[in-house]
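[1] Predicted structure and sequence below. I'll ask about it afterward.
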Amino acid sequence: IVFIRDFKIRRPGTTVGRKLSCCVVLGRVHNEWRENTKLRSHTTHTGLRTSARCKNTAACLCFCHFAFKMSFVKVQNALVYSLADEIIDEEEFVLLFDAYKSSNPAYPYWEYDAFCLDSFDSSECLTEFRVSKEDLPRLAEVLRVPPQFRCPQGTVCSGIEGLCLLLKRLAYPCRYFDLIYRFARPVPELCMIYNVVLDWICITHGHRLTSWNQLFLTPAWLEQYARAIHQLGCPLANCLGFIDSAVRPISRPEEHQRLVYNGHKRVHSLKFQSLVIPNGLIANLFGPVEGRRHDAGMLNESGLLNALQTYAHTRTGNPLCIYGDPAYPLRPELMCPYRQGDFAGPLTPQMRAFNAAMSSVRISVEWLFGDISTYFQFIDFKKNLKIGMSAVGKQYIVCALLRNALTCLYGNTTSEYFQLDPPTIESYFA
């Protein structure tokens with residue numbers, strides 16, 4: 001056991017075919033054991049008190065583990081075949097079988113049926129994946145989901161299965177064990193597939209939350225956004241959207257706790273800056289940054305003001321602006337409420353009326369933040385959001401992107417409030 005630990009055996013991936021007999025594997029690696037002086041000396045210093053034959057067998061299986069990436073189950077099966085063929089004795093079998101025992105519980109995933117989308121009805125898909133059964137293939141098509149996802153250790157799943165696993169995981173706080181009955185896979189495979197799909201979506205489509213080269217951000221569309229906001233009583237006729245920061249609570253980290261502690265909300269968190277437009281979409285997302293950062297600092301680091309100077313204008317060249325809360329500085333591209341300390345005297349009734357009118361329409365940005373955490377409640381369970389153990393920031397980015405996709409499919413409260421339909425999902429991912 002000490003010998004196995006010294007070589008840092010970890011859970012492997014793909015396996016040698018069952019047609020390859022253990023005799024061939026052991027014989028093929030036995031020569032490497034005889035020629036590798038470093039391995040023999042490492043085995044001697046571990047204090048493994050058994051016969052030389054057992055040391056040779058342990059070394060062979062150790063090499064076999066690395067060379068062929070055999071899983072623990074396959075290695076245990078190979079040990080059974082070796083014992084039956086008298087390649088190893090009972091003492092060696094007990095030692096090696098125990099050394100190659102997984103630390104994870106052996107859940108009976110093989111007793112469930114493999115994932116099949118046809119076995120779901122529309123209500124089940126809408127509840128578990130947040131997307132109806134009819135729209136799941138449509139979502140996979142616009143996302144350009146590949147035919148299959150392949151994990152680094154060799155696990156393969158279909159594209160639609162990987163997408164459904166991601167949606168199921170993000171829809172509600174759950175353990176990977178809770179997904180076994182749906183996908184008939186062991187916990188390590190579910191974890192690896194989830195991370196692969198999460199990375200793929202973030203890398204492939206993450207630019208849609210940062211780039212201004214979008215069909216719904218042309219000057220003609222920006223004019224419609226400003227007109228829709230103004231018609232609801234906004235005093236500004238050139239306001240195209242609203243900016244705010246979202247404080248996302250996370251589990252208290254073991255190190256650097258002060259960096260992520262938000263004194264205003266009194267919680268350890270990551271922050272994201274969002275620009276929301278009247279059709280219910282997040283037009284721009286910046287983050288994550290440390291929870292202690294100020295909104296004005298995030299704005300400066302994001303470069304959003306420079307982008308507004310370049311792209312936020314009407315077809316006739318008139319500049320447009322956005323509106324934020326009092327935490328943001330006053331700029332030509334960014335309007336904010338009148339503040340008490342900015343003037344020598346108290347706020348006039350006209351100033352108070354302006355603040356009240358703008359506040360009534362700016363609340364729509366909070367609705368969209370609520371939609372993200374309502375439809376993808378996994379990101380709202382802070383005890384499971386641990387920095388260094390999971391991609392906490394990447395999960396929120398993917399949830400925001402998927403929330404935009406759901407808005408294109410079904411709309412949301414913000415788009416209904418401003419009476420402005422979002423683009424089609426094909427147009428958004430074009």
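    Arrived safely.
[2] residue ranges for the strands of the stretch 201-350 of the chain, please.
    Here the stretch 201-350 of the chain has its strands, by DSSP state E, counting those that start in this stretch, at 239-249, 261-262, 267-276, 282-290, 321-323, 334-335.
[3] What is the second one packed up against?
    Spelled out, that is strand 261-262. strand 267-276 (3 or more Cβ pairs under 8 Å, 6 or more residues apart in numbering; DSSP states H and E). Every residue, glycine included, has its C-beta placed from N, CA and C.
[4] tell me the mean pLDDT over the strand it packs on?
    When pLDDT is averaged over strand 267-276, the result is 96.
[5] From the chain's centroid, how far away is that strand?
    How far strand 267-276 lies from its chain's middle: 16 Å, per Cα atoms, centre = their mean, to the nearest Å.
[6] same check, this time on stretch 88-102
    Worked out by Cα atoms, centre = their mean, stretch 88-102 lies 39 Å from the chain centre.
[7] Dump the strands of the stretch 201-350 of the chain to JSON lines, plus mean neighbour count.
    Converted to JSON lines, the strands of the stretch 201-350 of the chain look like this (neighbours: other Cβ atoms under 10 Å):
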{"stretch": "strand 239-249", "mean neighbour count": "23"}
{"stretch": "strand 261-262", "mean neighbour count": "18"}
{"stretch": "strand 267-276", "mean neighbour count": "22"}
{"stretch": "strand 282-290", "mean neighbour count": "22"}
{"stretch": "strand 321-323", "mean neighbour count": "22"}
{"stretch": "strand 334-335", "mean neighbour count": "18"}
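[8] Out of these, flag the one nearest residue 140.
    Comparison of those against residue 140 by Cβ to Cβ identifies strand 282-290 as nearest, at 21.4 Å.
[9] now the closest one against strand 267-276, angle please.
    Orientation of strand 282-290 against strand 267-276 (axes from the mean of the first three to the mean of the last three Cα atoms, to 10 degrees) gives an angle of 160 degrees.
[10] Report the angle between strand 282-290 and strand 239-249.
    30 degrees.
[11] Output the below-cut-off pLDDT ranges for the protein.
    Scanning the chain for pLDDT under 70 picks out the ranges 1-71.
[12] Quick one: end-to-end distance for stretch 411-424.
    Between the start and the finish of stretch 411-424 there is a gap of 10 Å, counting by Cα to Cα, to the nearest Å.
[13] Now tell me what touches that stretch from outside.
    Outside stretch 411-424, the residues that touch it by Cβ atoms under 8 Å, 6 or more residues apart in numbering are 215-216, 224-225, 228-229, 232, 276, 278-281, 364, 367-368, 371, 406-408, 428.
[14] Can you give the contact residues for stretch 352-367?
    229, 232-236, 242-244, 274, 276, 278, 323, 325, 335, 337-338, 347, 412-414, 417-418.
[15] And it, what's buried?
    Residues of stretch 352-367 classed as buried by neighbour count (16 or more other Cβ atoms under 10 Å): 354, 355, 358, 361, 362, 364, 365.
[16] In CSV: the residues you listed, plus distance to residue 153.
    Converted to CSV, the buried residues of stretch 352-367 look like this (distance: Cβ to Cβ, whole Å):
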residue, distance to residue 153
354, 59
355, 57
358, 53
361, 51
362, 48
364, 45
365, 42
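[17] residues touching residue 336, list them.
    323, 324, 325, 326, 328, 329, 330.
[18] same thing but at 6 Å, please
    324, 326, 328, 330 (Cβ atoms under 6 Å, 6 or more residues apart in numbering).
[19] Residue 333 too?
    By Cβ under 6 Å, 6+ apart, the neighbours of residue 333 are 305, 308, 321.
[20] ok, it to residue 183 distance?
    Per Cβ to Cβ, to the nearest Å, residue 333 is found 47 Å from residue 183.
[21] Nearest to residue 156, out of the strands of the stretch 201-350 of the chain?
    Here strand 282-290 is closest among the strands of the stretch 201-350 of the chain (Cβ to Cβ), at 31.1 Å.
[22] ranges for the helices of the stretch 251-400 of the chain?
    257-260, 295-302, 304-311, 349-362, 364-375, 392-410 (DSSP state H, counting those that start in this stretch).
[23] what does the shortest one rub up against?
    Read it as helix 257-260. Contacts for helix 257-260 (Cβ under 6 Å, 6+ apart): 268, 290, 291.
[24] For stretch 344-352, list every residue counted as buried.
    Neighbour counts over stretch 344-352 (16+ other Cβ under 10 Å) mark 347, 351 as buried.
[25] Phi and psi next, for residue 316.
    phi -90, psi 0 (degrees, to the nearest 10).
[26] Around it, how many other residues sit close by?
    A count of neighbours around residue 316, defined by other Cβ atoms under 10 Å, yields 7.
[27] and it, how far is that from residue 306?
    On the measure of Cβ to Cβ, residue 316 and residue 306 end up 22 Å apart.
[28] and what of residue 423?
    Relative to residue 306, and taking Cβ to Cβ, residue 423 is found at 25 Å.
[29] Settle it for me: which of these two has more neighbours?
    residue 423 (18 against 10).
[30] Surely the more buried one is in a helix?
    No: Residue 423 is assigned coil when assessed by DSSP: H, G, I helix; E, B strand; the rest coil, not a helix.
[31] separation between residue 259 and residue 196?
    Distance from residue 259 to residue 196, by Cβ to Cβ: 29 Å.
[32] Between these two, tell me which one has more neighbours.
    residue 196 (19 against 14).
[33] Which of the helices or strands spans the more buried one?
    Applying DSSP states H and E as the criterion places residue 196 in helix 187-205.
[34] and that helix, C-alpha only, in CSV?
    Extracted as CSV, the C-alpha positions of helix 187-205 are listed here (Å, rounded to 0.1, in the frame of the first residue of the first chain):
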residue,chain,number,x,y,z
VAL,A,187,-19.9,9.9,-10.3
PRO,A,188,-16.4,10.6,-11.6
GLU,A,189,-17.7,10.4,-15.2
LEU,A,190,-20.5,12.7,-14.5
CYS,A,191,-18.2,15.2,-12.9
MET,A,192,-15.7,15.1,-15.9
ILE,A,193,-18.5,15.4,-18.5
TYR,A,194,-20.0,18.4,-16.7
ASN,A,195,-16.7,20.2,-16.5
VAL,A,196,-15.9,19.5,-20.2
VAL,A,197,-19.3,20.8,-21.4
LEU,A,198,-19.0,23.8,-19.1
ASP,A,199,-15.6,24.7,-20.5
TRP,A,200,-16.7,24.2,-24.1
ILE,A,201,-19.7,26.5,-23.8
CYS,A,202,-17.7,29.2,-22.1
ILE,A,203,-14.9,29.1,-24.6
THR,A,204,-17.1,28.8,-27.7
HIS,A,205,-19.9,31.3,-26.8
